[in-house]
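Q: Coordinates only, no sequence provided:
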C-alpha cells in the first residue's frame, strides 16, 4: 500500500549511483526512478526502492516560478508567473521537470495539485526541498475531486488557445476545457466566435481582460487579494470543497505573507494544511450568506484548504 501511494506522488528521477544513497536518506527520499541500465545496481540498497524511467517518453515542462518584467506604466518590475497549469490540464501524458533548488518542491506541488503523472529530475541542491515537499504531500489526501470552474474553454489546439488558457490560469479565472457549451458553466469561450474573434487572440492580455469583464468579478467562484504570485485550483470533493494554493515565488525561496481569499457560498469552517507550518490556521474567517472570506497567514510553496458547509 505504501508503494502504491508513493507511485501517486511525483517521482524523483536520479542519475546518481548507489554511493549517493546517504544523500537520499538525509532528504527522506525512499523511492527513486533511474535509467533502466542502473536499476540492477540499486537492488539491495537499504531503504531505497528504485524503478526504471525513460525521460525520452515524457513531455518536458518549463521551470515553474516567476520572472520580472518592466511595468509599462511605471518603472517598477512586476512578477510574471510561469505556471504549467494549462499544459497539465490540456493533455494527458507523462511529464517531467528538470529543476534545481527550491524549484523542485514547487514542481512537485504543481504536479500534485493538477493530478499529473510527473517525474522530477533534480540535483543535490533540490533533494532536501523535494524530500520535504513529498513528505508533506504524503500527509494530504491525494484523491482528485472534480475541478470547479466558471468558464468553459473550447480548445482548438492552437498556440493562441494555449496562451489564452495560460493567462486564465495565472489570473485565477477558473475554467474547464470543454467540447461544447455546458449548462453548469457561467460563460463559454471559443476563439473564432462572434464574441471572441480569432483576431483578438493575437493580443491574449486584452482578450482575457474581456473574458473577465464578461464573467464579472461578482460571479467568480474564487478571488484572491494581496498577492500576484499565487495560483489557485478549486475542486469539489465528496463532502467539501478543496482549494489548492501554489506560490510561484517559492522557486526563489520567497514566502507570501498574509493574503485574503473569497469563495462564493457559505461555509462553516476552513481547514488549512500548510507546507509552511503545520500549526498555521486560517485567520479572520467570515462566512456570510453569499460568500466566505478568510486570511491565509503565510504561504511557502503550497497549501490545501478544505471548506466545509
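A: Perfect, thanks for sending it. None of the values given here were measured: they were computed from a predicted structure. Residues are numbered from 1 along each chain as shown.

Q: Can you give the domain ranges for the protein?
A: The chain breaks down by automatic domain parsing into domains covering 2-138, 149-218, 222-308.

Q: Poorly predicted segments of the stretch 1-150 of the chain, please.
A: Counting by pLDDT under 70, the stretch 1-150 of the chain shows low-confidence ranges at 1-7, 69-77, 142.

Q: Which residue ranges of the stretch 151-300 of the chain form helices?
A: 159-170, 204-215 (DSSP state H, counting those that start in this stretch).

Q: Please identify the most buried of those.
A: Ranked by mean neighbour count, the helices of the stretch 151-300 of the chain are led by helix 159-170 with a mean of 20 (mean count of other CB atoms under 10 Å). Heads up, the C-betas are built off the backbone N, CA and C, glycines and all.

Q: Can you check what angle separates it from helix 204-215?
A: 60 degrees (axes from the mean of the first three to the mean of the last three CA atoms, to 10 degrees).

Q: Nearest to residue 22 among the helices of the stretch 151-300 of the chain would be which one?
A: helix 159-170 (39.1 Å; CB to CB).

Q: Could you pull up phi and psi at residue 84?
A: phi -100, psi 10 (degrees, to the nearest 10).

Q: what's the answer for residue 16, then?
A: Backbone geometry at residue 16, expressed as degrees, to the nearest 10, gives phi -70, psi 160.

Q: Could you do the one 5 residues further on as well?
A: The phi and psi torsions at residue 21 (degrees, to the nearest 10) take the values phi -60, psi -40.

Q: Pull up the gap between it and residue 28, please.
A: Separation of residue 21 from residue 28 (CB to CB, to the nearest Å): 13 Å.

Q: Please list all residues in contact with residue 293.
A: Residues near residue 293 by CB atoms under 8 Å, 6 or more residues apart in numbering: 260-263, 284-287.

Q: Let's have these in TSV, adding pLDDT, distance to residue 161 and neighbour count.
A: Output for those, formatted as TSV (pLDDT from 0 to 100; distance: CB to CB, whole Å; neighbours: other CB atoms under 10 Å):
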residue	pLDDT	distance to residue 161	neighbour count
260	96	32	16
261	97	29	22
262	97	28	17
263	97	28	24
284	95	39	10
285	94	38	14
286	94	38	11
287	94	37	18
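
Q: so can I have CSV of those residues showing distance to residue 95?
A: Putting these into CSV (distance: CB to CB, whole Å) gives the following:
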residue, distance to residue 95
260, 32
261, 28
262, 31
263, 29
284, 37
285, 36
286, 39
287, 38
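
Q: If we only consider these, which is nearest to residue 174?
A: Looking at the contacts of residue 293 and their distance to residue 174, the nearest is residue 263, at 10.8 Å (CB to CB).

Q: From residue 223, how far off is that closest one?
A: Residue 263 sits 8 Å away from residue 223 when distances are taken as CB to CB.
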